[in-house]
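Asks: structure for this input, please:
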Amino acid sequence: MAGTRDFDVILFGATGFTGRQTVEYFARHAPPGLRWAIAARNRAKLELVRAEAGPGASAVELITADSRDQQSVDAMVARTRVLLSTAGPFALYGTPIVDACVRLGTHYADITGETTWVRDLIDRYHAKASADGTRIVPFCGFDSVPADIGSLLLVRALREAGTPCTDVRAYYRMTGGLNGGTIASIANAYASASGKRLSDLFLLDPPVAHSATQSEKSEDVRAPFFDERVNSWVGPFLMAVVNTRVVRRSAALLAERGEPYGSEFTYQEYARYGQPLAAAKAIVTTAVFGLVDAGMRTSLGRELFTSMLKPGAGPSGEAMDKGSFRTDLVATGEDGRTLRCTIKHRGDPGNRATVRFLCESALALALDADSLPPGGGVLTPATALGDVLAGRLRDAGVTIAVE
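Replies: Numbering: from 1, shown residues only. Prediction:
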């Protein structure tokens, strides 16, 4: 394919808030010789994005394509080996892109957290993409790279130490803001999916049976409590309804490949609160999350939330630079021993970290094909990119340490 395509990577959605950041990232970090282009519906806006990205993007080709025009999408996808997309809400705009990538054998990465949309992709495209070796990789942003890659590294470390893994628990601390596109995607996910689908603990798994113990230990966290594992107050984490499903899919797919995490493996995650007033913080934040969830389940609530920040808008550059996150993952082996993995990054998790994760995922697909895990399909960061992505992120300045 490399000899028949014009580009290694096309960045689609390049004029959006997150898309502009991907262009800036590639302009600064793309290796010499990488053939990349930027794409969106409006050429004038593309020209402005290219100019603002600086010298590293000055020679980048501009491609006009509209996800509502399948012919223009097919023409774009046919020109590249990898398609990176930030054009959400993905349930509204993403399916024509994925459809073209599967038909034309182009690898794909995005930053969606829309699990019900990805479930539909699995049902529709996984078999063909798997047969053709095409990697379709959603969830390559803050949702769900730390959870998915951190769990993979811990499970493998325990296996190398001679014991399968029984469970992984992840604890998040973060500061940062949301952008309008993220809010629109969350609202659309609530609008387009029934509560039953959103609450399905194993929504993304292949059709395999889960034991009563697995189901019980996988229940979504609803209330705060003091967790002795980390000696801290913890509570529900905003994105757990996405990340937990992704990690469980990784475990199921790797079991199919003969690399099971553990016979009764479970994964769960939490927001972690520090002193002072840790208990109060956990209780108040949990109550706020509950109100947001209830609001998002009504059309009036979704309209209110989306009116706060429109797509294309987001935090200032200074605010994004001041943000950060830290994820502490704790894995327990069948013999009782524990291992920990810390993943942390300086920069807004929903913007700066997400852009770094996504861009490095696309570069892994484009440049490291010989080192990636085998196989195609609608995959996860762990099953499609694995150790390669972990190495790239470390080289890019993300702390990933297994203890």
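Asks: can you pull out the helices in the stretch 101-250 of the chain?
Replies: Under the criterion DSSP state H, counting those that start in this stretch, helices of the stretch 101-250 of the chain are mapped to 115-132, 145-160, 180-192, 195-198, 212-217, 240-256.
Asks: got it, and the stretch 251-400 of the chain?
Replies: 278-296, 299-308, 317-322, 354-367, 381-384, 386-395.
Asks: show me the one of these that comes nearest Arg5.
Replies: helix 354-367 (10.3 Å; Cβ to Cβ). C-beta coordinates here come from the backbone N, C-alpha and C atoms, glycine included.
Asks: can I get the helices of the stretch 101-250 of the chain in CSV including mean neighbour count and distance to Phe225?
Replies: Putting the helices of the stretch 101-250 of the chain into CSV (neighbours: other Cβ atoms under 10 Å; distance: least, Cβ to Cβ, whole Å) gives the following:
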stretch, mean neighbour count, distance to Phe225
helix 115-132, 19, 25
helix 145-160, 24, 20
helix 180-192, 21, 26
helix 195-198, 13, 23
helix 212-217, 12, 15
helix 240-256, 24, 15
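Asks: in terms of mean pLDDT, which of those helices ranks lowest?
Replies: Ranked by mean pLDDT, those end with helix 180-192 at the bottom, a mean of 73.
Asks: residue ranges with poor pLDDT in this structure?
Replies: For the chain, the stretches flagged by pLDDT under 70 are 1-3, 181, 192-195, 309, 312.
Asks: tell me the domain ranges of it?
Replies: The chain breaks down by automatic domain parsing into domains covering 7-142+352-386, 145-349.
Asks: pick the most buried one from those domains.
Replies: Highest mean neighbour count of those: domain 7-142+352-386, a mean of 21 (counted as mean count of other Cβ atoms under 10 Å).
Asks: what's the span of that one from first residue to last?
Replies: 24 Å (Cα to Cα, to the nearest Å).
Asks: do stretch 381-390 as well
Replies: End to end - Cα to Cα - stretch 381-390 spans 10 Å.
Asks: quick one: Leu363 from Tyr108, how far?
Replies: 14 Å (Cβ to Cβ, to the nearest Å).
Asks: contact partners for the residue most central in space within the chain?
Replies: Taking Cα atoms, centre = their mean as the criterion, Phe139 is the residue nearest the geometric centre of the chain, at 2.5 Å. Listed by Cβ atoms under 8 Å, 6 or more residues apart in numbering, the contact set of Phe139 reads Asp110, Ile111, Thr112, Gly113, Val118, Val145, Asp148, Val242, Val246, Thr380, Pro381.
Asks: try it again with 7 Å
Replies: Contacts for Phe139 (Cβ atoms under 7 Å, 6 or more residues apart in numbering) come out as Thr112, Val246, Thr380, Pro381.
Asks: returning to that earlier point: would you convert the domains of the chain into CSV that also reports distance to Glu403?
Replies: Output for these, formatted as CSV (distance: least, Cβ to Cβ, whole Å):
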stretch, distance to Glu403
domain 7-142+352-386, 20
domain 145-349, 5
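Asks: can you say which of the ones you listed is nearest to Val398?
Replies: Nearest to Val398 among the domains of the chain is domain 145-349; the distance by Cβ to Cβ comes to 5.0 Å.
Asks: centre of the chain to that closest one, how far?
Replies: Its chain's C-alpha centre and that of domain 145-349 lie 11 Å apart, by Cα atoms, centre = their mean, to the nearest Å.
Asks: could you do stretch 349-361 as well?
Replies: Taking Cα atoms, centre = their mean, one finds the center of stretch 349-361 at 9 Å from the center of the full chain.
Asks: list of residues touching it?
Replies: 18, 21-22, 25-26, 84, 109, 111, 137, 140-142, 145, 174, 176-179, 182, 314-315, 320-321, 323, 325, 345, 347, 381, 385, 389, 392-393, 396, 398.
Asks: over to stretch 323-335?
Replies: Against stretch 323-335 from outside (Cβ under 7 Å, 6+ apart): 146, 150-151, 154-155, 158, 163-176, 229-230, 262, 338-349, 352-353.
Asks: and stretch 162-175, by the same measure?
Replies: Residues outside stretch 162-175 that contact it (Cβ under 7 Å, 6+ apart) are 147, 150-151, 154-155, 158, 217, 229-230, 234, 237, 261-272, 323-335, 337, 349.
Asks: how about the CA coordinates for it, as PDB?
Replies: Once non-C-alpha atoms are left out, stretch 162-175 reads as follows in PDB (Å, rounded to 0.1, in the frame of the first residue of the first chain):
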ATOM      1  CA  GLY A 162       4.700 -15.900  36.700                       C
ATOM      2  CA  THR A 163       1.100 -15.100  37.700                       C
ATOM      3  CA  PRO A 164      -2.100 -14.300  35.800                       C
ATOM      4  CA  CYS A 165      -3.900 -11.100  36.700                       C
ATOM      5  CA  THR A 166      -7.100 -11.100  38.700                       C
ATOM      6  CA  ASP A 167      -8.000  -7.400  38.500                       C
ATOM      7  CA  VAL A 168      -6.800  -3.900  37.700                       C
ATOM      8  CA  ARG A 169      -8.000  -0.800  39.400                       C
ATOM      9  CA  ALA A 170      -7.300   2.700  38.000                       C
ATOM     10  CA  TYR A 171      -7.400   6.000  40.000                       C
ATOM     11  CA  TYR A 172      -7.500   9.400  38.300                       C
ATOM     12  CA  ARG A 173      -6.500  12.800  39.400                       C
ATOM     13  CA  MET A 174      -6.800  15.600  36.800                       C
ATOM     14  CA  THR A 175      -7.200  19.300  36.100                       C
END
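Asks: please consider this matter closed, and thank you.
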